[in-house]
Structure formats: structure tokens, C-alpha cells
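> this is the structure alone, sequence omitted:
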Ligand SMILES: Nc1nc2c(ncn2[C@@H]2O[C@H](COP(=O)(O)OP(=O)(O)OP(=O)(O)O)[C@@H](O)[C@H]2O)c(=O)[nH]1
């Protein structure tokens, strides 16, 4: 319960694809110090990978019924259909959570979600304690979210309907400009010069006061993360967004995702060898999923952010899952699905 409002506090975690939102939440759950947390996990792709990863950790104190997945679409577009009923169900429980944490999809605009907390049934019971933006530090330092006039011009030539700046830059700016706390993540992958470049870019684009801290693997003290007491739903005018200037056009109309079934692999390398060139050739932004490897009882988690690929075994396959390997692929609209599928699953 928030001491200043008497309402249940909720934290909205935003940040681009692969920035480290799920890692942050896993760390928070492991260090919750007895707090009863409930999680709402939203994903752009049609497979609930993030929710599965968090459940796969089998963290004590966070039973599976406290983790609600809203997959297949961005939460900011389905607020009334998905988010509000989920919130209501959580707060109507006999023993409501102490704190609600919402992981939005990497393509979601946070502001429509904050607005949803003004719905009468929610407003009286819950307050937005803070909006936390997780930022991929090395990607920002590398200029991934900078406005790139040449690239936008080239895209415009292909698509007359494109009426705004780089979709990645816009989304990045909307996410940080809604935040109370910005976490510059992946410190282990940045030199001090890159760290400074990332911070300078954030400060250049930031139009409101927000705290900024650095982290690796989302390891942030829960006392820093929770208890910001921002009451963000009362403060919407101070959180500027490109989206408002563009009417109903949603930034993530510029992105698409699909999934690929992957047969059992002889080794992880069998897939990695095909995936790395496919990511480069098709400028794939994000891949993630679960794979079966011959002779291994455990399922293999695959994570790809840009060209960086990571994999690890997390838990044994359960019998009802049938060792079914699947990965989600996300990129800018116009992905050559047939070519990517053929390259990965051949
Ligand atoms: N080296 C390094 N890798 C990190 C760090 N934080 C996260 N990662 C890795 O980056 C990948 C994506 O991390 P996630 O936590 O799943 O990112 P996310 O923001 O939840 O991704 P989406 O939900 O798909 O948008 C995983 O392979 C993580 O292990 C970090 O600080 N350093």
C-alpha cells in the first residue's frame, strides 16, 4: 500500500526490445524481501516467451498465479480489452498484491498505459508509483536510436505512408520522456566513452526531469526501483509523446513479428550458425524462444538482440510441451518471412 495515497502502487517498466526489462524483473523478484508482487507481462510477439522465462526461474515467493501474460499485441493498443480486466482481477483478489509490476512490450508506448490508471475502477484503488525506462546503453551509444535522416528518407521512398521520423528514435524518445527513472543497462558492454555517449544522447532527448542510473543485467536495488511515489496518472501533461502529435498512428505499426517452428537440433551451434547471417542479412531486431537439443532433457533458451546471441538451458521440458522448438522474430515492417524461415529452419 502506498503510504501517501492508500492505494496499491504499480510500476510500469518500459524500454525497447531486448533492453533488459525481463532481466530487471527477474532480479526484482529474487530480491523482493517478502513483498507480494504481481506481474503483468506484455509481449509483441505471439509467443509468451518473457512470462515463460520468468516462470522458468521458479522464484520462491512469486507463484505462477501472480504472473499474468498478455501476449500477442502491444498493451497500449488493447488497454480496454486486456489490461483493465487483468488489473481488476488482480486487485479484486482476496489477498491483493503489495505491488504490481507491469512489463510492457518493447514496442509499447507507455503513456496510454499510464492514462488507463485514470479509469474510475482502477483510479480509486491503484496508483502509478513510477514509470521505469530500461535503456540498452551500448545500442544508444552506437546511435541505434538517433534520428537518421538518410535512413528515414530511404524508407519514405519505399512507403509513402511513412509520416514520421525514424520509428526507433520516436519510440525511444516516447519511452524515456514518460519515465521517472531511466536505467542505462548493459554497463558491462560499454567503455566509459560509450557510457558517456549514451548518457549524452539520453539527456539531449529528455524533456522532463528523471533520475538516471546505470546497471548490468537489470541489477537494481528494489528500494531504488519501487517507492518512487510519482503518481504518474496525475502528471500526464508533463510526459510528452510523439504519438499525440500523430493522431491515431501507433509507432509499432512500423514493426512486425512472426514465429518459426524449429525441429530438434543436434547442437545449439546448428541453429546459431544459420541465425547470425540471417539476422545480419534481414536486419532482424530481436529473436527469442525455446529450443530442443538432441540428448538434452533441458530446454534451451535463445536470446538475440541485434547481432548479439545468447543461449542457456533453463529447465527440463514438461511432457505436455512435446519438446516443441519455436522462436519469435521481430523487425521493421517488410521482413522477408519466407526467406528468414527457410534460412533458420532448413
Ligand atoms: N551483457 C549483458 N546482457 C544483458 C544485460 N541485460 C540483459 N542482457 C541480455 O540481453 C538479452 C535481452 O534481455 P531481456 O531482459 O530479455 O530484455 P527485454 O527488454 O525483456 O526484451 P523484450 O521483452 O524482448 O523487449 C538477454 O540475452 C539478456 O541476458 C546486461 O546488462 N549485460
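Thanks, I have the structure now. Please read these numbers as outputs of a predicted model, since none were measured by experiment.
> residue 28 reaches residue 35, doesn't it?
No. Assessed by CB atoms under 8 Å, residue 28 is found out of contact with residue 35, at 9.2 Å. (C-beta placed from N, C-alpha, C; glycine too.)
> okay, the two: which has more neighbours?
residue 28 (25 against 15; other CB atoms under 10 Å).
> wait, what's in contact with the more buried one?
Residues in contact with residue 28 (CB atoms under 8 Å, 6 or more residues apart in numbering) are 37, 101, 218, 220, 222, 225-226.
> the same query, at a cut-off of 6 Å, please.
By CB atoms under 6 Å, 6 or more residues apart in numbering, the contact set of residue 28 is residue 222.
> what about it, which SS state?
Here residue 28 is recorded as helix under DSSP: H, G, I helix; E, B strand; the rest coil.
> what does the pLDDT read for it?
Residue 28 is assigned a predicted lDDT (pLDDT) of 94.
> give me phi/psi at the closest residue to residue 18 other than its chain neighbours?
Setting aside the residues directly before and after it, residue 18 is nearest to residue 305 in space (CB to CB, 6 or more residues apart in numbering), at 3.2 Å. Taking degrees, to the nearest 10, you get phi -120, psi 110 for the backbone angles of residue 305.
> tell me, how many residues neighbour residue 305?
Using other CB under 10 Å, the number of residues around residue 305 comes to 22.
> was I right to think it contacts residue 16?
No. Judged on CB atoms under 6 Å, residue 305 makes no contact with residue 16 at a distance of 9.3 Å.
> residues touching the residue of the stretch 51-200 of the chain found nearest the ligand, list them.
The ligand sits closest to residue 106 of the stretch 51-200 of the chain, with a gap of 3.0 Å, by CB to the nearest ligand atom. Taking CB under 6 Å, 6+ apart as the contact definition, residue 106 lies against 16-17.
> what's around residue 96, how many residues?
15.
> grab the nearest non-local neighbour of it.
Once flanking residues are discounted, residue 96 sits nearest to residue 8: 6.1 Å by CB to CB, 6+ apart.
> separation between the one you found and residue 84?
Remark: distance between residue 8 and residue 84 (CB to CB, to the nearest Å) = 15 Å.
> ok, now which ones touch the residue of the stretch 201-346 of the chain found nearest the ligand?
Residue nearest to the ligand within the stretch 201-346 of the chain: residue 303 (3.2 Å; CB to the nearest ligand atom). Neighbouring residues of residue 303 by CB under 6 Å, 6+ apart: 288, 310.
> for it, helix, strand, or coil?
Assignment for residue 303 (three-state DSSP): strand.
> again, but for residue 270
Going by three-state DSSP: residue 270 is helix.
> quick check, pLDDT for it.
So residue 270 comes in at 92 (pLDDT).
> how many neighbours does it have?
16.
> next SSE downstream of the lowest-mean-pLDDT helix or strand in the chain?
Ranked by mean pLDDT, DSSP states H and E, the weakest helix or strand in the chain is helix 149-158, scoring a mean of 56. Downstream of helix 149-158, the first helix or strand assigned by DSSP states H and E is helix 167-176.
> who's in contact with that following helix?
By CB under 6 Å, 6+ apart, the surrounding residues in contact with helix 167-176 are 14, 109, 133, 145, 147, 164, 182, 205-206, 241-242, 251, 254.
> redo those residues as TSV? Include pLDDT and neighbour count.
Below are the contacts of helix 167-176 laid out as TSV (pLDDT from 0 to 100; neighbours: other CB atoms under 10 Å):
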residue	pLDDT	neighbour count
14	97	30
109	89	26
133	98	28
145	90	24
147	78	15
164	56	16
182	98	25
205	95	17
206	96	16
241	89	19
242	84	18
251	53	24
254	84	20
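> just these: which are in helices?
Among these, the members found in helices (DSSP state H) are 205, 242.
> follow-up on the earlier one: enumerate the beta-bridge partners assigned to the residue nearest to residue 18.
Counting by DSSP bridges, residue 305 forms beta bridges with residue 286, residue 308.
> leaving out the residues flanking it, which one is nearest to residue 42?
Nearest one to residue 42, counting by CB to CB, 6+ apart, is residue 75 at 3.9 Å.
> quick one: residue 260 is in a strand?
Yes. Residue 260: assigned to a strand according to three-state DSSP.
> what is the neighbour count of it?
By other CB under 10 Å, neighbour count at residue 260 equals 20.
> cool, residue 272 as well?
Count around residue 272 with other CB under 10 Å applied: 14.
> how near is it to residue 286?
Distance of residue 272 to residue 286, computed by CB to CB: 16 Å.
> all the helices of the chain, residue numbers only.
21-30, 49-56, 84-91, 110-116, 120-123, 137-141, 149-158, 167-176, 192-205, 222-225, 242-245, 268-282, 337-345.
> lowest average pLDDT across those helices?
Here the helices of the chain differ in mean pLDDT, and the lowest is helix 149-158 at a mean of 56.
> can you list the residues of the protein near the ligand?
Within the chain, the positions near the ligand by CB under 6 Å from any ligand atom are 15, 17-23, 50, 106, 185-186, 188-189, 216-218, 286, 288, 303, 305, 310.
> 5 Å - rerun?
By the rule CB under 5 Å from any ligand atom, the part of the chain lying against the ligand is 17-23, 50, 106, 185-186, 188-189, 216-217, 303, 305, 310.
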